[in-house]
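Enquirer: need coordinates for the following:
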Amino acid sequence: MQIDGRKLTDILKKIRSKKILVIGDLMLDHYIIGDVDRISPEAPVQVVKVEKEKFGPGGAANVAQNIKALGAIPIILGTVGDDESGKRLRKIFQKNGISDDGIIMRKGHPTTQKTRVIARNQQLVRIDFEKDDEIDGSVFEQIKTFAEKTVPKVDGIIMQDYNKGLLTKELIHLFTSLAQKHDTFVGVDPKAKNFFDYKNVTLFKPNRNEAEKNLQISIRSNEDLKHAAQELMDRLNCSYIVITLGSKGMFIYDDKKHDWQIPTFSQEVYDVSGAGDTVISTLMLAISAGCDVKTASIIANHAAGVVCGKVGAATASPEEIIHSFKEWNAS
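Expert: The predicted structure follows:
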């Protein structure tokens with residue numbers, strides 16, 4: 001699965017001019033990194049001697065970060081709480097040159113934070129701080145005002161749903177309607193709730209488990225993948241279905257009933273956290289830049305391979321993607 005080097009460079013260059021609105025659940029990722037060499041005398045658990053801590057963008061915030069890393073312009077739209085985690089996430093955006101104008105503060109609602117404890121390159125435990133109640137009418141109206149002003153100016157919209165209460169049925173309908181009105185590409189990374197409410201979008205990207213659970217089927221073969229994709233196409237009326245398959249790569253199906261399976265391009269896998277964020281970011285940028293879905297998927301899978309070689313939710317630069325192509329073609 002090769003792409004001519006000059007064509008790849010041209011696509012990555014076109015991506016840099018694209019502006020993508022990312023609406024979804026913002027999270028703060030917190031990493032506690034250390035070493036373990038003994039068991040606690042208080043309980044049968046390992047004792048982690050902390051060596052360092054770091055914070056980074058997670059969830060939809062990581063999608064925006066991936067778009068920025070590819071040289072394009074992300075516009076983030078979501079909520080944080082009136083707390084230290086929310087302030088820290090705003091500072092991360094500001095430091096990385098991403099506007100926080102679309103971040104709305106929800107009083108009395110905590111910023112979603114995921115704390116991961118890592119020792120010797122292994123994740124020992126994850127601790128989630130979150131509330132997943134739906135947004136109220138006031139927050140909806142603030143998002144609506146920002147969206148109506150912004151959607152006409154962007155090349156694409158990514159709806160990144162982690163079922164943390166932001167993307168309600170009403171909000172999903174608002175964005176799909178605005179996208180149709182302004183003829184704007186929409187990519188969706190769904191979760192279980194509201195799965196079948198994302199109708200008439202450009203690209204719908206569940207993973208295999210999400211597709212199996214929502215369609216209540218078992219996917220074991222290429223024929224099962226085609227059947228699942230066609231059923232999703234029938235129920236959602238989208239242009240492309242992309243089902244990610246973990247170590248097996250991804251399956252793509254279009255509205256003309258063409259299908260392709262793209263293998264994974266990971267050289268070494270250290271951490272798959274955030275790989276889905278990288279895939280949806282790269283796919284939408286490449287499609288917005290005029291790329292066909294098969295070529296966009298190959299580039300997105302190389303980008304995912306790059307981030308899987310790093311610890312924590314990470315990003316891939318154009319240079320790293322080009323290097324991945326060269327390494328894969330030489331192997």
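
Enquirer: so residue 56 touches residue 66, yeah?
Expert: No - using Cβ atoms under 8 Å, residue 56 is not in contact with residue 66, being 11.7 Å away. Glycine gets a C-beta too; all of them are placed from N, C-alpha and C.

Enquirer: looking at the two, which one has more neighbours?
Expert: Set residue 56 next to residue 66 and count neighbours by other Cβ atoms under 10 Å: residue 66 wins out with 29 against 21.

Enquirer: look up phi and psi at that one.
Expert: Backbone torsions of residue 66, given as degrees, to the nearest 10, read phi -60, psi -40.

Enquirer: how about it, nearest residue that isn't a chain neighbour?
Expert: residue 281 (3.8 Å; Cβ to Cβ, 6 or more residues apart in numbering).

Enquirer: are we agreed that that neighbour is in a strand?
Expert: No - the assignment for residue 281 by DSSP: H, G, I helix; E, B strand; the rest coil gives helix, which leaves it out of any strand.

Enquirer: quick check: pLDDT value at the residue nearest the centre of the chain.
Expert: Taking Cα atoms, centre = their mean, the centroid of the chain lies closest to residue 277, which sits 2.2 Å from it. Confidence at residue 277, expressed as pLDDT, is 90.

Enquirer: what's the helix or strand for it?
Expert: If you go by DSSP states H and E, residue 277 is part of helix 275-288.

Enquirer: what do you get for residue 113?
Expert: Secondary structure assigned from DSSP H and E places residue 113 in strand 112-119.

Enquirer: that strand packs against which elements?
Expert: strand 26-39, strand 46-59, strand 122-129 (3 or more Cβ pairs under 8 Å, 6 or more residues apart in numbering; DSSP states H and E).

Enquirer: now it: how far from the chain's centre is it?
Expert: 18 Å (Cα atoms, centre = their mean, to the nearest Å).

Enquirer: and for stretch 33-53?
Expert: Relative to its chain's centre, stretch 33-53 lies at 32 Å (Cα atoms, centre = their mean).

Enquirer: name the residues of it that are buried.
Expert: Neighbour counts over stretch 33-53 (16 or more other Cβ atoms under 10 Å) mark 33-34, 48 as buried.

Enquirer: over to stretch 296-316?
Expert: By neighbour count on 16+ other Cβ under 10 Å, the buried set for stretch 296-316 is 296-310, 312-316.

Enquirer: still on that earlier bit, how about TSV for the helices and strands packed on strand 112-119, with distance to residue 217 and mean pLDDT added?
Expert: Below are the helices and strands packed on strand 112-119 laid out as TSV (distance: least, Cβ to Cβ, whole Å; pLDDT from 0 to 100):
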stretch	distance to residue 217	mean pLDDT
strand 26-39	30	95
strand 46-59	28	94
strand 122-129	29	93
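
Enquirer: let's have those in JSON lines, adding distance to residue 107.
Expert: Converted to JSON lines, the helices and strands packed on strand 112-119 look like this (distance: least, Cβ to Cβ, whole Å):
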{"stretch": "strand 26-39", "distance to residue 107": "16"}
{"stretch": "strand 46-59", "distance to residue 107": "20"}
{"stretch": "strand 122-129", "distance to residue 107": "17"}
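
Enquirer: any idea which of the ones you listed gets closest to residue 218?
Expert: Nearest of these to residue 218, taken as Cβ to Cβ: strand 122-129 at 27.6 Å.

Enquirer: angle of that closest one against strand 46-59?
Expert: Relative orientation of strand 122-129 versus strand 46-59 (axes from the mean of the first three to the mean of the last three Cα atoms, to 10 degrees): 60 degrees.
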